[in-house]
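Enquirer: sequence first, then the predicted structure, then my questions.
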Amino acid sequence: MTSNILTQLDSKELSRLEGLEHIVERGKQTFIEVGNALAEIRDSKLYRQTHKTFELYCREKWDWTKTTANRFIQASETVNNLTPIGVIPTSESQIRPLAKLDKDEQYEAWCKANEIADKQDKPVTGAIVQQAVDEIKPKPTISKAKCAKAAAMFSADLAIRRVNEINKHDPGFKAAVTKVIEHCEQLLKPTEK
């Protein structure tokens, strides 16, 4: 059974607590600071003395892909957008789903994620933030007709490329093309009822 009585810390314990809290606070801020630093390095081209591109700099200096660096940058920009509301995310992966939203939607989704987490009595996680993002901005659905049309256009483009390839190697391909045209004309004729 836990006691509700508060006890004083001695000076050694108090000093240790302050040190540990500093570590925790520093950890919470690290991804934000890393993102801000990378953004400045990229935007000011401070890598240019040793590397031709930001991508090479990230790869050779930090062993990161440009995508990884950009995630930190997007995370810090998102946190900067959310700072006025007071509750700051604690990890880059936690707010990654917000990066694809505009500033107002980020705020709305973050508030929604906190509501969901509170209802579930859980901390805000990347999955909860993604759930909030999906509720605010549902993924567009593609109708079956649009999907079929896209597939047909892809097939048509493929057929055109194939005919062009055949044409390069066989000058007598016109009979085959005529056959395809006749077949297509038959498909386009109205059906009799």
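Expert: Structure's in. What do you need? Numbers count the residues shown, from 1 in each chain.
Enquirer: where in the chain is pLDDT low?
Expert: Within the chain, the stretches with pLDDT under 70 are 1-4, 17, 20-21, 23-29, 84-87, 139, 171-172, 191-193.
Enquirer: outline the domain layout of it.
Expert: Listed by automatic domain parsing, the domain ranges of the chain are 13-136, 144-188.
Enquirer: looking at the ones you listed, which is nearest to Thr7?
Expert: domain 13-136 (9.7 Å; CB to CB). C-beta coordinates here come from the backbone N, C-alpha and C atoms, glycine included.
Enquirer: which residues in this protein form helices?
Expert: For the chain, applying DSSP state H gives helices covering 11-43, 54-57, 66-82, 92-95, 103-120, 126-136, 144-169, 174-188.
Enquirer: the ones you listed: which one's closest to Ile5?
Expert: helix 11-43 (16.2 Å).
Enquirer: which ones are touching the closest residue in space to Gln131 that isn't next to it in sequence?
Expert: Closest residue in space to Gln131, ignoring its immediate chain neighbours: Ile116 at 6.1 Å, by CB to CB, 6 or more residues apart in numbering. Counting by CB atoms under 8 Å, 6 or more residues apart in numbering, Ile116 touches Ile128, Gln131, Ala132.
Enquirer: what about 10 Å?
Expert: In this structure, Ile116 makes contact with Lys122, Val124, Thr125, Ala127, Ile128, Val129, Gln131, Ala132, Glu135, judged by CB atoms under 10 Å, 6 or more residues apart in numbering.
Enquirer: how close does it sit to Ala109?
Expert: Distance of Ile116 to Ala109, computed by CB to CB, to the nearest Å: 10 Å.
Enquirer: adding distance to Ile5, write the helices of the chain out as a markdown table.
Expert: What follows is the helices of the chain, written out as a markdown table (distance: least, CB to CB, whole Å):
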| stretch | distance to Ile5 |
| --- | --- |
| helix 11-43 | 16 |
| helix 54-57 | 55 |
| helix 66-82 | 38 |
| helix 92-95 | 35 |
| helix 103-120 | 29 |
| helix 126-136 | 35 |
| helix 144-169 | 66 |
| helix 174-188 | 85 |
